[in-house]
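> Test case, fold it:
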Amino acid sequence: QVQLVESGGGLVQAGGSLRLSCAASGATFSSYTVAWFRQAGQAPGKEREFVAAINRGDPAAYYSDSVKGRFTISRDNAKKTLYLQMNSLKPEDTAVYYCAADLWRYDTNWRPAYWGQGTQVTVSS
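Below is the predicted model of the structure:
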């Protein structure tokens, strides 16, 4: 079992950058596929939106079309930390960002078992 704690969120102007971190504990981090999701608003039933993922043992990364070319996901297995570098931020990127992990490799039906508590990112226009 893995525990995840996000940090690095905040308020930034449109066009700016932020880097989110997700510290893992309690398990062998390198064994997990890890990802970032986000949720804008708290309306009931609103699903979390996939942002980016990176498999265990594979440097290839996967991105949603809405962030491709602007966001970069990376991991440091020695530090047990997942990162999300966000550049050219837009007001529509405003959301709570969550990191997630699972032992299964990522695909479009991926449903991670482990989640962090989230960190708020607000982009002002």
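> CA only for contacts and neighbour counts going forward, please
OK.
> Which residue, other than its chain neighbours, is closest to the residue most central in space within the chain?
Centroid-nearest residue in the chain: W36, 1.9 Å away (criterion: C-alpha atoms, centre = their mean). Once flanking residues are discounted, W36 sits nearest to C99: 4.5 Å by C-alpha to C-alpha, 6 or more residues apart in numbering.
> For the helix or strand where the one you found lies, which strands pair with it and how are they oriented?
Taking DSSP states H and E as the definition, C99 sits inside strand 95-102. Note on strand 95-102: by DSSP bridges, its sheet partners are strand 33-39 (antiparallel), strand 114-115 (antiparallel), strand 119-124 (antiparallel).
> buried sites along stretch 62-69?
Within stretch 62-69, the residues that count as buried by 16 or more other C-alpha atoms under 10 Å are 62-63, 67.
> what do you get for stretch 87-101?
87, 89-90, 93-101.
> The residue nearest to W36 contacts C22, doesn't it?
Yes. Contact criterion C-alpha atoms under 8 Å: C99 and C22 qualify, at 6.4 Å.
> what do the two both touch?
4-6, 116 (C-alpha atoms under 8 Å, 6 or more residues apart in numbering).
> Pairing partners for the closest residue to A40 other than its chain neighbours in the sheet, please.
Leaving aside its chain neighbours, A40 sits nearest to A95 (4.2 Å; criterion: C-alpha to C-alpha, 6+ apart). Beta-bridge partners of A95, counted by DSSP bridges, are V121.
> roughly how far apart are E47 and S66?
E47 sits 16 Å away from S66, going by C-alpha to C-alpha, to the nearest Å.
> Revised request: answer the last question for V123.
15 Å.
> Cool, thanks, signing off.
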